[in-house]
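Undergrad: Provide a 3D model corresponding to the input given below.
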Amino acid sequence: MKLTECLDRLLDEGLISNIAVRVGRFDTVLADVYRSAGQKIDENTRFDMASVTKVMVTTPLALMTLEQGAIALDTPVSAFFHDPRGLTVRHLLTHTIGIGHKPLNLAGNTYDNIADHILSIPADIPAGTDVMYSCPGFILLGKILERIYGRRLDELFMERIAAPLDLTRSRFLPGGDGNTVNSNVADAETGLVNDYNCRFLGGVAGNAGLFSCIADAEKYVRAL
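TA: Sure, this is the predicted structure:
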């Protein structure tokens, strides 16, 4: 089945609402395909990147910080927050902190104290014993980066990744500019992150919250 036929079928069956696909080989773009159930989609249309935030924001910022020597893989989390379990930066990056999905949108939790809450959550499995995909772990990693640099994660992304790579449409909290689509089509207001934990924390977190477009995503992939 051709790519265009596949995307048309997904749209017709209601499995997708908006999608942008760019196919390339080396320096050549071979195909651009856009499909939407409602609005016009182009290479600058912002999408809620969801957990790709981990790949485009938190991980590269952490790797830069490692390269600069501000942290090491075995730096203990206790160097930044009270942690009786002996977690390290390596545990956070490799999803081995032993804590899986957890609702963090609880009374008393805030952007400022969420790291302490995560570290109080009982572990599902002992740290370092197995991989368990962990949004809380990446939120915690984001808070460590903020503590190191004294800047919010969205500011760090704009300064250290978006600006050098000329990612002109990528940002947290983009708002509605007429060329943004939501993961949750029930949201009338565009530019709202779908991840409920990130939204509860104000739209900026190490696990989700980035909005980007296919043109910026290509620049980022080429940089990698």
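
Undergrad: for this protein, what spans make up the strands?
TA: Using DSSP state E, the strands of the chain run over 18-25, 28-36, 47-48, 171-172, 210-212.

Undergrad: just the ones you listed: most buried one?
TA: For those, ranked by mean neighbour count under the definition mean count of other CB atoms under 10 Å, the leader is strand 210-212 at a mean of 28. Backbone N, C-alpha and C define where each C-beta goes, glycine included.

Undergrad: Does anything pack onto that one? Which helices or strands?
TA: Counting contacts by 3 or more CB pairs under 8 Å, 6 or more residues apart in numbering; DSSP states H and E, strand 210-212 is packed against strand 47-48, strand 171-172.

Undergrad: model confidence over that strand, on average?
TA: Across strand 210-212, the average pLDDT comes to 97.

Undergrad: Same question for stretch 102-114.
TA: What stretch 102-114 shows for mean pLDDT is 96.

Undergrad: next one: stretch 53-61
TA: 98.

Undergrad: And for stretch 14-34?
TA: 91.

Undergrad: got the end-to-end distance for it?
TA: Start-to-end span of stretch 14-34 (CA to CA, to the nearest Å) is 15 Å.

Undergrad: Break down the protein into its helices, ranges please.
TA: Assigned helices in the chain, in chain order: 3-12, 53, 59-68, 89-93, 114-118, 135-149, 153-157, 163-165, 196-200, 214-223 (criterion: DSSP state H).

Undergrad: just for the chain, where's the confidence low?
TA: Where the chain drops to pLDDT under 70, the residues are 1, 183-188.

Undergrad: Would you mind listing the residues in contact with the residue minimising distance to the centre of it?
TA: Taking CA atoms, centre = their mean, the centroid of the chain lies closest to Thr53, which sits 1.5 Å from it. When contacts are counted by CB atoms under 8 Å, 6 or more residues apart in numbering, Thr53 touches Ala205, Gly206, Asn207, Ala208, Gly209, Leu210.

Undergrad: Alright, calling it a day.
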